[in-house]
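In: make a model of this:
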Amino acid sequence: MATTYIRRLDGRRPPQGSSSAGRFKSNPMRGGGSSRRTSGDGIHRSSGGRPSPRQGGGGRGGKRGFQEMQVDLSRLINKAVPAAETPAYVPEHAFVDFEVEQALKDNIISKGYVNPTPIQDQSIVHVLAGKDIVGMAQTGTGKTAAFLIPLIDKVLKNANERVLIMVPTRELAIQIEQEFYGFSKRLNLNSVVCVGGAGIDPQIRVLRRKPAFVIGTPGRLKDLMERRELDLSKFGTVVLDEADRMLDMGFIPDMRFILGHMPENRHTLFFSATMSREIENLIGSFLNDPVRVMVKTRDTASTIDQDVVRAGRGEEKFNKLVELLKRPDFEKTLVFGRTKFGVERMTRDLVRSGIRAESIHGDKTHGKRQKALSLFKADHVDVLVATDVAARGLDISGVSHVINYDLPATYEDYTHRIGRTGRAGKGGMALTFIDG
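Out: Numbering: from 1, shown residues only. Coordinates of the predicted model:
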């Protein structure tokens with residue numbers, strides 16, 4: 001099998017003497033002896049010329065020498081497995097079988113839930129029994145309901161119980177709260193989302209009412225604790241969702257600080273899409289004799305068609321993107337770029353090309369990010385251009401295509417990006433641009 005090296009997906013340097021040794025170089029488009037100048041957005045500008053989209057437009061802060069993944073193409077080209085050929089999972093339980101309060105069960109039924117997904121089927125009974133859980137499952141498999149349903153029941157049965165849910169991003173926090181209110185209708189339960197990028201004073205006002213569920217990102221939670229507005233000594237339950245992403249984002253010291261202020265005999269639920277040595281160390285530190293629920297069977301969902309798109313750079317690459325996005329089968333497309341500025345520039349160029357597009361990245365305010373997501377979810381725009389801030393946690397139904405316009409840094413980032421499509425058993429397609 002012919003192997004084309006792009007850049008290692010795991011981000012590590014290839015061994016010396018291999019065919020790819022020494023290929024970890026800055027992108028040749030990034031300066032050196034070039035006559036063109038490069039701004040921090042990764043867009044090249046000729047003297048006096050119009051900037052053109054190029055290889056590299058998405059999200060690592062526009063640093064020089066950004067290391068892209070390198071991989072043999074077989075890992076980016078995979079045919080989806082037809083649903084008829086995939087063995088159907090036979091759950092041990094139906095939702096009506098779980099021993100939860102009838103009012104909660106009524107809400108579950110009203111949402112159309114009948115049979116649980118594997119992570120739900122295998123986790124809920126253990127959480128209801130008060131056991132610590134390590135859950136490992138691919139994105140889009142229903143992890144949120146796997147912990148919300150039993151924890152809502154726990155609070156209904158114990159009015160003094162309070163739950164902390166820690167997540168890596170504000171979008172995921174908001175999404176969890178939306179699901180929470182779907183399950184807790186008419187149950188007289190409240191929650192608060194505590195995230196950066198949004199005003200802290202409204203969050204403090206809600207915290208002072210002592211809501212049963214606090215959902216937040218580590219940095220903002222720590223800030224609130226240091227202001228003495230969040231006392232975790234009375235919280236008996238904590239959920240660490242997307243723990244591997246929190247590790248990647250450097251949140252581990254904050255996580256340790258936060259958990260250090262909770263009771264030692266707390267109930268801990270730990271969910272991660274990947275299992276590294278660092279994650280195992282966290283499990284040993286944070287959990288007590290946990291039940292392990294592992295339902296992940298492969299790196300990427302079997303419902304996703306994966307392929308590559310060979311294109312040049314600059315205008316040629318951008319024009320190829322436009323050509324694809326104007327095809328009728330590209331109904332709802334998520335495009336990943338590298339830098340924040342590059343994503344914003346790409347979005348403007350797409351709009352000029354007649355494509356309904358919005359952007360989401362770390363430099364956008366909380367309100368503008370939520371507006372862009374809402375427009376995309378409601379099909380008011382066809383394309384959402386994003387940095388890796390959108391690679392995890394977002395549950396957007398009906399995404400037909402994910403396009404890696406710029407390569408991510410690692411294979412793990414790749415799997416999370418393309419996991420935005422092919423969700424809930426539906427088919428999707430992931431395309432990755434490579435030099436061609």
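
In: can I assume Glu358 is in contact with Val381?
Out: Yes: the pair formed by Glu358 and Val381 meets the contact definition of Cβ atoms under 8 Å, at 4.7 Å. Using the backbone N, CA and C atoms, a C-beta is placed for each residue, glycine as well.

In: need the overlap of contacts for these two.
Out: Taking Cβ atoms under 8 Å, 6 or more residues apart in numbering as the contact rule, Glu358 and Val381 both touch Ala372, Leu375.

In: excluding chain neighbours, what is closest to Asp223?
Out: Distance criterion Cβ to Cβ, 6 or more residues apart in numbering; nearest residue to Asp223, sequence neighbours excluded, is Ile200 at 7.2 Å.

In: and for Gly197?
Out: His366 (4.0 Å).

In: state the distance from the one you found to Gly219.
Out: Distance of His366 to Gly219, given as Cβ to Cβ, to the nearest Å: 14 Å.

In: all helices of the stretch 51-200 of the chain, in order?
Out: 102-110, 118-128, 143-157, 170-183, 200-207 (DSSP state H, counting those that start in this stretch).

In: what's the domain layout of this structure?
Out: 37-81+302-435, 95-294 (automatic domain parsing).

In: mean pLDDT for the ones you listed: which is lowest?
Out: If these are sorted by mean pLDDT, domain 37-81+302-435 sits at the bottom with a mean of 76.

In: can you report how many residues neighbour Leu375?
Out: Leu375 has 15 neighbouring residues, counting by other Cβ atoms under 10 Å.

In: pretty sure it contacts Val381?
Out: Yes: if you go by Cβ under 8 Å, Leu375 and Val381 touch, sitting 4.8 Å apart.

In: any common contacting residues for these two?
Out: With Cβ under 8 Å, 6+ apart as the test, Leu375 and Val381 both reach Glu358.

In: Ala159: neighbour count?
Out: 8.

In: what sits against it?
Out: Per Cβ under 8 Å, 6+ apart, neighbours of Ala159: none.

In: same check on Glu331?
Out: Asp382, Gly398, Ser400, His401.

In: mind doing that once more with 10 Å?
Out: Going by Cβ atoms under 10 Å, 6 or more residues apart in numbering, Glu331 touches Asp379, Asp382, Gly398, Val399, Ser400, His401.

In: okay, and the common contacts of His366 and Gly219?
Out: Val195, Gly196.

In: dump the helices of the stretch 51-200 of the chain to JSON lines, plus distance to Arg352 and mean neighbour count.
Out: Listed next are the helices of the stretch 51-200 of the chain as JSON lines, based on distance: least, Cβ to Cβ, whole Å; neighbours: other Cβ atoms under 10 Å:
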{"stretch": "helix 102-110", "distance to Arg352": "45", "mean neighbour count": "15"}
{"stretch": "helix 118-128", "distance to Arg352": "43", "mean neighbour count": "23"}
{"stretch": "helix 143-157", "distance to Arg352": "38", "mean neighbour count": "23"}
{"stretch": "helix 170-183", "distance to Arg352": "27", "mean neighbour count": "19"}
{"stretch": "helix 200-207", "distance to Arg352": "37", "mean neighbour count": "14"}
